[in-house]
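1. Sequence and predicted structure are below.
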Amino acid sequence: MSIWVLRGLRDGVVTTRWPERPDEYAGSWRGPAAVRPDSAGGAGAEVERLCPTGAIEAFDRLRVDQGRCILCGRCVAARPDLFTWSAGATGPAAAAVARQALVVPQEPETDEAVAAARAALAGRTAALRRSVHVRHVDAGSDGSEEWEIQALLGPVYDIGRLGVFFTASPRHADVLLVTGAGTAGMAGPLRTTYEGMPDPRVVIAVGTDAASGGLLGDRLTGVAGAVPVDVWVPGSPPTPFGILNALLIATGILGYGGKGER
Ligand code: SF4
């Protein structure tokens, strides 16, 4: 009997049941840095200088732009009284339908922008809920996001069970999954891919690099300059659960914040 058969008998079914059932593993992942709700304030420019990507703003109110956070941990280590980690890969902090929603704590007017973006997205993607095909484009990635995307095809996540499949052709794709900091050389191919997709089409920016340029943020600004982004997934890289969460939100299979809408 082969070793793989023995392993199968020993491990049983390893595929997650999420989102139909909660998965403790999904909740155990660390999200981007956030401002502690109980922080006493009083932060100055020295706090901003902790961050290598300029994600921290302490001008009038302390904020973290999670779309710039690469999870280096410097702010949490140096000022645990001000910063903490946001929790989980599938909660409300795991994906945003408006770029400004990644800046926390959110401004009151952000709620309105998020509601408008959600309504517009839901109207466009109502036809996609049964099955979707995904085209991935690397627009200058360091390769870390690709590892996490690849994991979605393995036995633990098995995205085919949710009707999500990858395709090599933009003509067959409903969702454009974009990774990377948005290099100039990839702007044209990315745009061509987007224009080759039929309507309705949804764009997901996967990871901090795609959202803002990440560590290269002084030279590159992410992928939104080339294609209109519908869903933003922070993280460097985001976890497979985070990417799957965004895919299901983008296609209306899952509600924003992880609530099922099937
Ligand atoms: S974890 Fe690192 S990148 Fe993220 S906000 Fe803190 S210092 Fe900046």
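-> Thanks, I have the structure now. Residues are numbered from 1 along each chain as shown.

2. Which residue is the nearest non-sequential neighbour of residue 234?
-> In this structure, residue 234 finds its nearest non-sequential neighbour in residue 66, 4.3 Å apart by C-beta to C-beta, 6 or more residues apart in numbering. The C-beta positions use only the backbone N, C-alpha and C, and glycine is treated the same way.

3. Neighbours of that neighbour, how many?
-> 26 (other C-beta atoms under 10 Å).

4. how far away is it from the ligand?
-> Using C-beta to the nearest ligand atom, to the nearest Å, we find residue 66 at a distance of 8 Å from the ligand.

5. you'd agree that residue is up against residue 33?
-> Yes: if you go by C-beta atoms under 8 Å, residue 66 and residue 33 touch, sitting 7.3 Å apart.

6. Mutual contacts of those two, please.
-> Listed as contacting both residue 66 and residue 33 by C-beta atoms under 8 Å, 6 or more residues apart in numbering are 55, 86.

7. quick revisit: state the distance from the residue nearest to residue 234 to residue 161.
-> According to C-beta to C-beta, to the nearest Å, residue 66 and residue 161 sit 29 Å apart.

8. before we move on, what about residue 97?
-> As defined by C-beta to C-beta, residue 97 lies at a distance of 25 Å from residue 161.

9. When these two are compared, which one has more neighbours?
-> Taking other C-beta under 10 Å, residue 97 and residue 161 do not tie; residue 97 has more neighbours (23 against 11).

10. Excluding chain neighbours, what is closest to that one?
-> Nearest one to residue 97, counting by C-beta to C-beta, 6+ apart, is residue 117 at 4.3 Å.

11. Now do that neighbour against the ligand, distance only.
-> Counting by C-beta to the nearest ligand atom, the gap from residue 117 to the ligand is 24 Å.
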